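Chemist: have a look at this prediction, sequence included:
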Amino acid sequence: MAEHNPLLSGLLCRCPNCGQGRLFDGFLKVAPRCDACGYDLAKADSGDGPAVFVILIAGFLVAFAALYTEIAYRPPIWVHLVIWLPLTVVVCLGLLRPMKGLMLAAQFANRASQARNDD
């Protein structure tokens, strides 16, 4: 079996140990165990890290696009509200799960004490 990249597995919301099993039980709830290899995922905790990165990435993308639109086209304020508020929600929700998986996989790859038990 070829060696897998735990960071890529986390980004794809797969178990960082085997790269096959599901990492999440719900939208953001981490599964207690990998259904493929049985790895204990219950101790993994990403904290607020994914939310911070999502806010920074989504804020940059949406703010840049809104500023460009304002300078180039000068639309009324209601157009900004109709376009950028829903887009912000979609971008944030779309990035949150992969970023949480990436943070959990980074803990696994760097042998963080709460994510790995190889003592």
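Modeler: Nice, thanks for sending it over.

Chemist: so which bits of stretch 76-87 are buried?
Modeler: Trp84 (16 or more other Cβ atoms under 10 Å). All C-beta spots, glycine's among them, are computed from the backbone N, C-alpha and C.

Chemist: quick one: that stretch to chain centroid distance?
Modeler: Centroid separation for stretch 76-87 versus its chain: 25 Å, with Cα atoms, centre = their mean, to the nearest Å.

Chemist: what sits against Arg97?
Modeler: By Cβ atoms under 8 Å, 6 or more residues apart in numbering, the residues touching Arg97 are 13, 24, 27-28.

Chemist: give me the number of residues near the nearest residue to Gly10 once chain neighbours are set aside?
Modeler: Leaving aside its sequence neighbours, Gly10 sits nearest to Ala105 (Cβ to Cβ, 6 or more residues apart in numbering; 2.4 Å). Around Ala105 there are 28 other residues, counting by other Cβ atoms under 10 Å.

Chemist: do Arg111 as well
Modeler: Other residues lying near Arg111 total 10 when counted by other Cβ under 10 Å.

Chemist: and it, how far from Pro16?
Modeler: Applying Cβ to Cβ, to the nearest Å, the value for Arg111 to Pro16 is 11 Å.

Chemist: same question, Ala42
Modeler: Distance, Ala42 to Pro16, using Cβ to Cβ: 14 Å.

Chemist: so Leu87 is in which element?
Modeler: Using DSSP states H and E, Leu87 sits within helix 77-109.

Chemist: and the average pLDDT for that helix is what?
Modeler: For helix 77-109, the mean pLDDT works out to 96.

Chemist: any buried residues in stretch 26-38, and which?
Modeler: Those would be 30-31, 34, for stretch 26-38 by 16+ other Cβ under 10 Å.

Chemist: ok, Ala42 and Pro16, which is more surrounded?
Modeler: Pro16 (29 against 10).

Chemist: these two touch, right, the more buried one and Ala112?
Modeler: No. If you go by Cβ atoms under 8 Å, Pro16 and Ala112 don't touch, sitting 11.1 Å apart.

Chemist: chain neighbours aside, what residue packs nearest to the most centrally placed residue in the chain?
Modeler: The residue lying closest to the centre of the chain (Cα atoms, centre = their mean) is Met99, at 1.7 Å. Of all residues not flanking Met99 in the chain, Pro50 sits nearest, at 4.0 Å (Cβ to Cβ, 6+ apart).
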